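*Asks:* I'll drop the sequence and a predicted model, then ask my questions.
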Amino acid sequence: MGATAMAAAWIAASQPGTAWWFAVWLGEAVLALLIGMAAAARKSAHFRVPLFSAPGRKFVAAFLPSMCAGALLTAVLFQAGVIRVLPGVWLLLYGAGVMAAGAASVRIVPLMGACFMVAGAAALFAPPSWGNGLLAAGFGGLHILFGVIISVKYGG
């Protein structure tokens with residue numbers, strides 16, 4: 001997910017208008033969702049545990065409220081033309097979802113969520129021109145960094 005987010009940031013930066021920038025990031029959100037679902041299915045198959053076993057259901061139940069709030073706020077903010085706050089909203093709510101979902105996971109997962117929240121807070125107060133870069137740093141950089149740590153230290 002980190003690599004595709006970096007690519008999305010690069011593509012979004014060259015878009016002629018905010019609607020195209022928005023479309024690139026929405027496409028990335030769908031792609032990231034598919035990658036996350038495939039990775040979860042692969043991991044559950046590897047450990048021979050049903051995807052929606054108790055831990056899987058708890059993860060979804062904790063993660064989903066923040067994602068639903070993010071989707072709703074995205075629609076409202078886009079419709080109102082308040083695009084500049086979207087990077088902060090996305091990073092902040094994704095981080096909240098990861099923190100909540102990671103509460104029953106290894107300690108580093110909630111820490112990753114907290115880092116996303118810090119990036120989101122920074123994006124909310126940073127100049128609008130920093131939004132795409134902060135999305136790249138968050139969804140790209142943080143996913144890559146924590147993905148490597150989780151893979152090495154916890155086996156994926």
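*Replies:* Great, that's in hand. Residues are numbered from 1 along each chain as shown.
*Asks:* so the residue lying farthest from the centre of the chain, which of the three states?
*Replies:* No residue in the chain sits farther from the centre than Arg48, which is 26.5 Å out by CA atoms, centre = their mean. Remark: Arg48 carries the secondary structure label coil [criterion: DSSP: H, G, I helix; E, B strand; the rest coil].
*Asks:* where does it land on pLDDT?
*Replies:* Arg48 is assigned 82 on the pLDDT scale.
*Asks:* and for Gly156?
*Replies:* Gly156 is assigned 67 on the pLDDT scale.
*Asks:* now do Ser53
*Replies:* Looking at Ser53, its pLDDT reads 76.
*Asks:* what are the phi and psi values for it?
*Replies:* Summarising the backbone geometry of Ser53 under the convention degrees, to the nearest 10, its torsions are phi -70, psi -180.
*Asks:* report how many residues lie close to the nearest residue to it once chain neighbours are set aside.
*Replies:* The spatially closest residue to Ser53, leaving aside those adjacent along the chain, is Ser44, at 7.4 Å (CB to CB, 6 or more residues apart in numbering). C-beta coordinates here come from the backbone N, C-alpha and C atoms, glycine included. As a burial measure, Ser44 scores 16 neighbours (other CB atoms under 10 Å).
*Asks:* next up, phi/psi of the residue farthest from the centre of the chain, please.
*Replies:* Note on Arg48: its backbone torsions stand at phi 50, psi 50 [degrees, to the nearest 10].
*Asks:* look up the closest residue to Ile144, ignoring the ones flanking it.
*Replies:* Using CB to CB, 6+ apart and skipping residues adjacent in sequence, the residue nearest Ile144 is Gly2, 3.6 Å away.
*Asks:* surely that neighbour meets Val148?
*Replies:* No. Between Gly2 and Val148 there is no contact, the gap being 9.2 Å when judged by CB atoms under 8 Å.
*Asks:* so, low pLDDT: which residues of the protein?
*Replies:* For the chain, residues meeting the criterion pLDDT under 70 lie at 156.
*Asks:* check which element follows whichever helix or strand Asn132 is part of along the chain.
*Replies:* In the assignment (DSSP states H and E), Asn132 maps to helix 131-135. Proceeding C-terminally, helix 131-135 gives way to helix 143-154 as the next helix or strand, assigned by DSSP H and E.
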